[in-house]
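Q: compute the structure for the input listed below.
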Amino acid sequence: MGKQISERIRKTLNILLLVLFATSLASTSVSASASEKYIENSNDSYTRGYCEGYLKGYNMGFTDGITGRSSLMFPMIYYGPDSGYDGGYFNGLRDGYGAGLNIGKKLCGI
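A: Have a look, this model is predicted:
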């Protein structure tokens, strides 16, 4: 009897985790489409680089967080807004990775 209940709880938790994962992916794609709309209206290369880097970093961080892999280490460098696309991309990648990693770890329960 107790084994059947624990299996039922495990199945319910697996389904809940799958729903949360799908919701997270859907919200990422919604934010990506909003960012794309913003990028089309912006000529600022730093902002464009930041948005693209953030999306890629978020996806990488979320994947690492949900699978339990060790996190990437980024050098403590800050590129200012005058650094162009590459500086914005690095800053966005770093910030997005941290945000995605935190969400992935919370969903996974680590």
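Q: beyond the helix or strand of the chain with the lowest mean pLDDT, next helix or strand please.
A: For the chain, counting by mean pLDDT, DSSP states H and E, helix 2-41 ranks last in confidence among helices and strands (a mean of 60). Downstream of helix 2-41, the next assigned helix or strand under DSSP states H and E is helix 45-67.
Q: what's that next one packed up against?
A: helix 2-41, helix 84-108 (3 or more Cβ pairs under 8 Å, 6 or more residues apart in numbering; DSSP states H and E). Backbone N, C-alpha and C define where each C-beta goes, glycine included.
Q: so which bits of that helix are buried?
A: Across helix 45-67, burial judged by 16 or more other Cβ atoms under 10 Å covers 45-62, 64-66.
Q: Ile77: what secondary structure?
A: Three-state assignment for Ile77 (DSSP: H, G, I helix; E, B strand; the rest coil): coil.
Q: what's the nearest residue to it if we skip its chain neighbours?
A: Spatially, and ignoring its direct neighbours in sequence, Ile77 is nearest to Phe90 (7.2 Å; Cβ to Cβ, 6 or more residues apart in numbering).
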